[in-house]
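A.B. asks: dropping a prediction and its sequence here:
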Amino acid sequence: MTGRVIGAKRKGEQNDTVAGCETGYCKTEFSLAHVGNLFNMEKQIKQLREELKPFCKKNHENFLCYGIHPVTPPSKKLMMKKGRTSLWIKAFGSNQHITENDGDDVHLFTINAASHVHISTSLEEVVDAVNVLNGFSGPQIALTANSNIWRSKIDPDYKCVAEKFWEWWMPNSDRVGVPARPFEDIKDYVHTVANFKPVYVVRNGKPIILKKYKTFDKYYRFGQAVGINTDGKEVSFTPEKADIDLHNSCYWYNARISRYYTVENRVNDQQPPNALLSVQALTLGLIPALAEAKEELSSYDWQTLRQMRLIACQYGLHGRKDTINLIRLALRMLIIARLGLLRRGLGEEKFLKPLEKRLCDFKCPADQAADIFKVGGAVALVDRWKF
């Protein structure tokens, strides 16, 4: 529409590797093509690094392997003009953490950076995979928290600030974080998502806000629907099958079934340069060991596991809940993930080493980031953790 370059792609075996913008211009998103093992993904990352080097050198730019922008505060100024995200203000508007002058609380997401992993599973395994990855949200955060420095200072309360954005944007919501209960089966999962309030649909390339309907299910059952267009006028239209895929991207559990027919693990901050494959290894390893992972999580009350996520955001590996500690659960999770990778028989377990070292040191990346920042500020952090 503008005639300007907004992204690039490179052909892969299964699909394309895509580089583009996520929520705001300051946030570059690299979506690597699907591959069959972690060694092929390692090659993709090395290739990406080589492709970016000339650009970085010419423009004196750095890509920071960190979970949040350490200096620039969140703001509507970082948002794409008339972009997809403008509708979120109308759908879930709030100003608890960002002033009206700076925008809306949804603009918190202009400065976070995450490492999301998509995994292919069988239909029989998909719900177990979602439950396991959600149930292990706490120990995952405890090992990978990497967003404690923002607005040019160390946050006094949280080691994983970026994960807290979801609660700050949508407090007491049933569509972020860890779901209220594990899913029984695929039918239960679909029923849960269908009962979320719909946000918007797209017609002729433009969004239409849906405010009238309490659930997506009720919206979709109407032969004719009404919504509000970008000019604030009520319009009438017919529900379409494409609306289902779009609705399936309008909730943000730590793990979910994605619109791309994968299980998406979304809970981890972007990792330091020496651990760029650690989250992928952990996620991939848990899938062949779902039985052992389910057995481990069955020892805990689900509400305790949900609370673990909040505790991990605050205390990392030192988080505790009554007699349960996150270090122990993180250890069990890593043992199970290693078992799963060993079953694959490809030697991929070596990519778990950064996480295993953190467990031995009782330190997550946020602890290291704080040490670096105290000595040399944001400049030192960029120098140590640039991509």
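C.D. replies: That came through, no problem.

A.B. asks: residue boundaries of the helices in the stretch 101-250 of the chain?
C.D. replies: Taking DSSP state H, counting those that start in this stretch, the helices of the stretch 101-250 of the chain run over residues 126-135, 137-144, 161-169, 186-194, 216-221, 242-247.

A.B. asks: so which elements touch the fifth one?
C.D. replies: Read it as helix 216-221. If contacts are counted by 3 or more Cβ pairs under 8 Å, 6 or more residues apart in numbering; DSSP states H and E, helix 216-221 sits against helix 186-194, helix 242-247. From N, CA and C alone the C-beta is placed, and that goes for glycine too.

A.B. asks: off-centre distance for the first one?
C.D. replies: Chain-centre distance of helix 186-194: 21 Å, with Cα atoms, centre = their mean, to the nearest Å.

A.B. asks: next: the last one.
C.D. replies: Mean-position distance between helix 242-247 and its chain equals 20 Å (Cα atoms, centre = their mean).

A.B. asks: weakest of the helices and strands packed on helix 216-221 by average pLDDT?
C.D. replies: The minimum mean pLDDT among the helices and strands packed on helix 216-221 belongs to helix 242-247 (a mean of 94).

A.B. asks: distance of the residue nearest the centre of the chain from residue 12?
C.D. replies: With distances taken as Cα atoms, centre = their mean, the residue of the chain nearest its centroid is residue 266 (3.0 Å). Remark: distance between residue 266 and residue 12 (Cβ to Cβ, to the nearest Å) = 22 Å.

A.B. asks: residue 124 now?
C.D. replies: In terms of Cβ to Cβ, residue 124 sits 27 Å off from residue 12.

A.B. asks: the closest residue in space to residue 118 that isn't next to it in sequence and residue 180: what is the separation?
C.D. replies: Of all residues not flanking residue 118 in the chain, residue 262 sits nearest, at 4.0 Å (Cβ to Cβ, 6 or more residues apart in numbering). Note on residue 262: its distance to residue 180, by Cβ to Cβ, is 23 Å.

A.B. asks: the more surrounded of the two?
C.D. replies: Using other Cβ atoms under 10 Å as the criterion, residue 262 and residue 180 rank with residue 262 on top: 17 against 10.

A.B. asks: stretch 347-365 - what's its average pLDDT?
C.D. replies: Mean predicted confidence for stretch 347-365 is 98.

A.B. asks: no no, stretch 16-34
C.D. replies: Stretch 16-34 comes out at a mean pLDDT of 86.

A.B. asks: start the count at 4 instead of 1 going forward.
C.D. replies: Fine by me, first position is 4 from now on; the one you just mentioned is stretch 19-37.

A.B. asks: quick one: that stretch to chain centroid distance?
C.D. replies: Remark: stretch 19-37 is offset 13 Å from the chain centroid, using Cα atoms, centre = their mean.

A.B. asks: contacts made by it with the rest, please.
C.D. replies: 9-18, 44, 47-48, 51, 66, 72, 75, 81-83, 88, 112-116, 121, 123 (Cβ atoms under 8 Å, 6 or more residues apart in numbering).

A.B. asks: quick one: which of the residues you listed sit in helices?
C.D. replies: If you go by DSSP state H, the contacts of stretch 19-37 have 44, 47, 48, 51 in helices.

A.B. asks: can you tell me how far the residue lying closest to residue 155 once chain neighbours are set aside is from residue 311?
C.D. replies: Distance criterion Cβ to Cβ, 6+ apart; nearest residue to residue 155, sequence neighbours excluded, is residue 74 at 5.2 Å. Relative to residue 311, residue 74 is positioned 31 Å away (Cβ to Cβ).

A.B. asks: compare the two (neighbour count), which wins?
C.D. replies: residue 311 (27 against 15).

A.B. asks: just say helix, strand or coil for the more buried one.
C.D. replies: Secondary structure for residue 311, judged by DSSP: H, G, I helix; E, B strand; the rest coil, is helix.

A.B. asks: residues contacting it?
C.D. replies: By Cβ under 8 Å, 6+ apart, the contact list for residue 311 reads 140, 141, 142, 322, 324, 327, 329, 332.

A.B. asks: which of those residues count as buried?
C.D. replies: Neighbour-count burial (16 or more other Cβ atoms under 10 Å) applied to these gives 140, 141, 142, 322, 324, 327, 329, 332.

A.B. asks: let me see the contact set for the first one.
C.D. replies: Just to be clear, that refers to residue 140. Shown in contact with residue 140 (Cβ under 8 Å, 6+ apart): 180, 181, 257, 258, 270, 308, 311, 312, 315.

A.B. asks: how about the strands in the stretch 4-153 of the chain?
C.D. replies: 11-13, 20-24, 31-34, 120-122, 152-153 (DSSP state E, counting those that start in this stretch).

A.B. asks: list the strands paired with the first one, with their directions.
C.D. replies: It stands for strand 11-13. Here strand 11-13 has these sheet partners by DSSP bridges: strand 20-24 (antiparallel).

A.B. asks: for residue 253, see how far away residue 63 is.
C.D. replies: Per Cβ to Cβ, residue 63 is found 38 Å from residue 253.

A.B. asks: picking up where we left off before, most neighbours among the contacts of residue 140, which one?
C.D. replies: Going by other Cβ under 10 Å, residue 315 tops these with 31 neighbours.
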